[in-house]
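>>> Structure here, sequence nowhere to be found:
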């Protein structure tokens with residue numbers, strides 16, 4: 001092939017090539033930003049967003065506790081925002097016990113800050129996800145269980 005036999009310049013092909021390069025660079029930047037923002041959660045979770053729904057449930061729960069809205073937090077815990085209309089369904093863990101555990105007199109005291117630390121499947125598998133949350137900058141994380149099927153919460157068995 002000589003210089004005179006070279007392929008003709010195709011503007012459409014070059015535009016598509018440039019678009020692919022820009023998209024790839026943008027994707028790499030977004031992924032590196034997410035790695036930076038989420039930090040240790042990504043190091044502990046093999047697939048970055050595998051437990052994202054359960055993490056959001058735990059985050060909503062601790063947000064409500066931080067705002068001292070214990071009724072809303074109980075609604076997240078039971079995955080029933082209308083729980084007050086039928087409290088008899090929750091006799092195994094009624095609101096007064098929940099308030100004793102998570103209210104100002106509970107193990108974690110008045111919750112002023114929280115940060116999701118990690119989420120993962122329990123050893124040996126299971127039907128839920130363990131979410132570790134740093135509460136009030138304590139060294140010991142709060143571990144909550146979020147059921148995958150119905151997004152109800154409970155105390156982590158591990």
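Structure received. Remember, it's a predicted structure, so these values are computed and weren't measured experimentally. Residues are numbered from 1 along each chain as shown.
>>> Just the pLDDT for residue 71.
For residue 71, the pLDDT comes out at 96.
>>> Excluding chain neighbours, what is closest to it?
residue 84 (6.9 Å; Cβ to Cβ, 6 or more residues apart in numbering). In short, each C-beta sits where N, CA and C put it, glycine included.
>>> try residue 157
Once flanking residues are discounted, residue 157 sits nearest to residue 145: 6.7 Å by Cβ to Cβ, 6+ apart.
>>> Who does that neighbour form a beta bridge with?
Beta-bridge pairing of residue 145 under DSSP bridges involves residue 130, residue 154.
>>> For residue 31, see how far away it is.
30 Å (Cβ to Cβ, to the nearest Å).
>>> Over the lengthiest helix in the chain, what's the mean pLDDT, rounded is fine.
In terms of residue count, the longest helix belonging to the chain (DSSP state H) is helix 11-38. Here helix 11-38 scores 85 as its mean pLDDT.
>>> in the host helix or strand of residue 100, what's buried?
Here residue 100, judged by DSSP states H and E, is contained in helix 95-102. Buried residues in helix 95-102, counted by 16 or more other Cβ atoms under 10 Å: 95, 98, 99, 102.
>>> got it, and stretch 68-76?
70, 72, 73, 74, 75, 76.
>>> and what of stretch 118-125?
The neighbour-count check on stretch 118-125 (16+ other Cβ under 10 Å) flags 118, 119, 120, 121 as buried.
>>> Now do it, average pLDDT.
Per-residue scores along stretch 118-125 average to 84.
>>> how far does it stretch from start to finish?
16 Å (Cα to Cα, to the nearest Å).
>>> roughly how far is it from the heart of the chain?
The chain centre lies 14 Å from the centre of stretch 118-125; the measure is Cα atoms, centre = their mean, to the nearest Å.
>>> same check, this time on stretch 9-21
The answer for stretch 9-21 is 39 Å, by Cα atoms, centre = their mean.
>>> secondary structure class for the spatially most central residue of the chain?
In the chain, the residue lying closest to the centroid (Cα atoms, centre = their mean) is residue 55, at 2.2 Å. Classification of residue 55 by DSSP: H, G, I helix; E, B strand; the rest coil places it in helix.
>>> Not including adjacent chain positions, what is the nearest residue to it?
Excluding its sequence neighbours, the residue lying closest to residue 55 (Cβ to Cβ, 6+ apart) is residue 119, at 5.0 Å.
>>> any idea which element the one you found lies in?
Using DSSP H and E, residue 119 maps to strand 114-120.
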